[in-house]
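S.K.: Next comes the sequence, and after it the predicted model I'd like to discuss.
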Amino acid sequence: MTSPDSHVLVIGECVADIVRTDGAPDRVHAGGSPANVAYGLARLGRPAVLLTELGDDANGRLIRAHLESAGVTVRAAAVARTPSAVVRLDGQGRADYTFDIGWTLPRTGPAIASEDSSEDAPAAVHIGSIAAVTEPGAAAVRALVRRWRGRAEVSYDPNVRPALMGERSRAVRRVEECVALSDVVKASDEDLAWLYPGEPAEAVARRWLALGPAVVAVTRGADGAFALTADGGRAAVDVVRVPVADTVGAGDSFMAALLHARATGAPLDACLGQAATAAALTVSRPGANPPSAAELATALAERR
C-alpha cells in the first residue's frame, strides 16, 4: 500500500488515437495505455508524473495539453513525431488498432535524470503496454524499475498489442520479466488468451503470482473481474452495466482506479469495485475519458 498523497511515476508511451468510424469524420484523442493511466490517476486526485516520448508536432501538443489539464507532470524525451494509432470501432464500440509507433526512451538525458534520483522519490511506479516490451526503449524502462524496486510499489499492465509484440514465445518472456519485477499486475482475459492460448485465465494468474507479485487482477469484459493474492486471497466483481459508447481506455481506467484504491487502504473487493465502476464510467462516453474523483464517488454511492 502507498500513500494517496505521494506521486506515482508512470513510464510509457503516449499515442494520438485517431478514432475512425464508418460514416463519421475522424476524431483525434490523446491516448497510449501508460498515458491514460497517468491521466486517470490525476483525475482521481493522485499526483502523477509521466516519463514518455513526444514529438514537437500538433499531436504532441494536443497530448501534452490533455495530460496537463488533469494535473499530470509530463517529462518527455523528444522524438521526430508523436506516435499514432488508427482506432477502428465496430458496431458495439469495440476497438481495433493499427499502430505507427516506436519506443526509443534513452537510458540518459534530462527527462531520465529527473526520475533517476532520490529526491522527491515516487511512492509507486507503473509500467505497461508497448513501452515495457519494445526495444530499445524497454531496456531503459526496466532499468528504472530495478532502481526503484523495493522503495516503490511497482505495477504492470501488459495491455497486449499483438501487431507489435513480435513472436509469441519471445513476447511471453518479456512480459513475464515485467511480471516478476512487479508488485501488482493487471491483465485482460484477451491479453492472457494471446499470450497463453487455451489456458484458463485463473491458472495463468496463479502462475504469475509465483513469479513474485502480491496481486494479480484479471478483467473479463462482460464477465467482470477477479484478483488473486500471493497469500491465497481471491476477490471478484461483476461488470457494472452501462450503455457503451466505446471501450477505448476502459482497462487503463480500471488500472488507475485499482491503484488509487489500493493507496487508500481499501480491501481487495472494494478496490475491484472502484476499478470496475471507473471502467464503466469510461465506456459510457467516447474516448479514453476516465472519471474524476467526484464522479467516481457519486457512481459508487448510487450503487450502494
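M.R.: Happy to help now that I have it.
S.K.: Quick check: the residue nearest to Val240 when sequence neighbours are not counted vs Ala35, distance?
M.R.: Nearest non-adjacent residue to Val240, counting by CB to CB, 6 or more residues apart in numbering: Ala280, 3.6 Å away. C-beta: built from backbone N, CA, C; applies to glycine. Per CB to CB, to the nearest Å, Ala280 is found 21 Å from Ala35.
S.K.: Those two: which has the busier surroundings?
M.R.: Shown here are Ala280 and Ala35; by other CB atoms under 10 Å, Ala35 has more neighbours (29 against 20).
S.K.: so who does the more buried one touch?
M.R.: 10, 12-15, 50, 52, 63, 67 (CB atoms under 8 Å, 6 or more residues apart in numbering).
S.K.: Extract the C-alpha set from the strand or helix carrying it and format it as PDB.
M.R.: Take DSSP states H and E as the rule and Ala35 turns out to sit in helix 33-43. Provided in PDB are the C-alpha atoms of helix 33-43 (Å, rounded to 0.1, in the frame of the first residue of the first chain):
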ATOM      1  CA  SER A  33      -2.100   3.000 -22.100                       C
ATOM      2  CA  PRO A  34       0.500   4.400 -19.700                       C
ATOM      3  CA  ALA A  35      -0.500   8.000 -20.500                       C
ATOM      4  CA  ASN A  36      -4.200   7.000 -19.900                       C
ATOM      5  CA  VAL A  37      -3.200   5.600 -16.500                       C
ATOM      6  CA  ALA A  38      -1.400   8.700 -15.500                       C
ATOM      7  CA  TYR A  39      -4.300  10.800 -16.600                       C
ATOM      8  CA  GLY A  40      -6.800   8.600 -14.800                       C
ATOM      9  CA  LEU A  41      -4.700   8.800 -11.600                       C
ATOM     10  CA  ALA A  42      -4.600  12.600 -11.800                       C
ATOM     11  CA  ARG A  43      -8.300  12.800 -12.400                       C
END
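S.K.: for that helix, what is the average pLDDT?
M.R.: Mean pLDDT, computed over helix 33-43, is 97.
S.K.: Which is the succeeding secondary structure element to it?
M.R.: Next along from helix 33-43, by DSSP H and E: strand 48-55.
S.K.: relative to helix 33-43, how tilted is that next one?
M.R.: Per axes from the mean of the first three to the mean of the last three CA atoms, to 10 degrees, the angle that strand 48-55 makes with helix 33-43 is 140 degrees.
S.K.: Which secondary structure elements does strand 48-55 sit against?
M.R.: If you count contacts as 3 or more CB pairs under 8 Å, 6 or more residues apart in numbering; DSSP states H and E, strand 48-55 packs onto strand 8-11, helix 33-43, helix 58-69, strand 73-79, helix 110-115.
S.K.: mean confidence score for it?
M.R.: 97.
S.K.: Taking strand 73-79 as reference, get the angle to that strand.
M.R.: Going by the same axes, to 10 degrees, strand 48-55 is angled at 20 degrees with respect to strand 73-79.
S.K.: hey, C-alpha coordinates of strand 48-55 in PDB?
M.R.: Written as PDB, here are the backbone C-alpha positions of strand 48-55 (Å, rounded to 0.1, in the frame of the first residue of the first chain):
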ATOM      1  CA  ALA A  48       1.200  11.600 -11.300                       C
ATOM      2  CA  VAL A  49       4.400  12.100 -13.300                       C
ATOM      3  CA  LEU A  50       4.600  10.600 -16.800                       C
ATOM      4  CA  LEU A  51       8.000   9.800 -18.300                       C
ATOM      5  CA  THR A  52       7.400   9.400 -22.000                       C
ATOM      6  CA  GLU A  53       8.300  10.500 -25.600                       C
ATOM      7  CA  LEU A  54       6.600  13.200 -27.600                       C
ATOM      8  CA  GLY A  55       7.200  14.900 -30.900                       C
END
